[in-house]
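Novice: turn this into a model:
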Amino acid sequence: MAAIAILPLSPSRRDPISIENDSQLARWAMLPRSIRELMKSGTLALLLAGSGFVLGYGLTGSVEQALAVALVGSSAGSFLYLLHKRVWRAIDACSKPADGGYSPGSC
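Specialist: Got it, this is the predicted structure:
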């Protein structure tokens with residue numbers, strides 16, 4: 001029987017509610033944030049590569065050119081995704097000091 005994990009809708013709770021304790025989704029959710037971000041970036045790269053290949057092949061009709069579009073597009077997209085996440089994490093950290101107040105000169 002397959003394990004079923006239910007992710008909570010509330011953003012305040014980060015741990016998934018697992019019907020079966022050893023579900024793969026529950027194990028992935030407990031990984032460190034840096035590993036999860038790399039996994040998210042990798043899965044995004046696969047999606048970008050697939051869509052880049054389809055788009056490149058549709059426009060050029062050449063498998064070689066479609067592979068080149070997929071490789072360049074997914075690499076650039078993954079790098080920009082990681083950069084975007086880190087910039088917004090830094091912005092969030094600067095705007096939410098530990099004491100709950102806002103101090104614009106803290107970063």
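
Novice: please, where are all the helices along the chain?
Specialist: In chain order, the chain shows helices spanning 24-29, 33-60, 63-95, with DSSP state H as the criterion.

Novice: save the ones you listed as CSV, and put in mean neighbour count and mean pLDDT too.
Specialist: Quick note: C-beta positions are derived from backbone N, CA and C, even for glycine. Below are the helices of the chain laid out as CSV (neighbours: other CB atoms under 10 Å; pLDDT from 0 to 100):
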stretch, mean neighbour count, mean pLDDT
helix 24-29, 14, 73
helix 33-60, 14, 88
helix 63-95, 14, 88
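
Novice: distance of the closest residue to L31 other than its chain neighbours from R27?
Specialist: Distances taken as CB to CB, 6 or more residues apart in numbering put M39 closest to L31, at 7.5 Å, once the chain neighbours are dropped. In this structure, M39 lies at 12 Å from R27, with CB to CB, to the nearest Å as the measure.

Novice: then S95?
Specialist: On the measure of CB to CB, S95 and R27 end up 32 Å apart.
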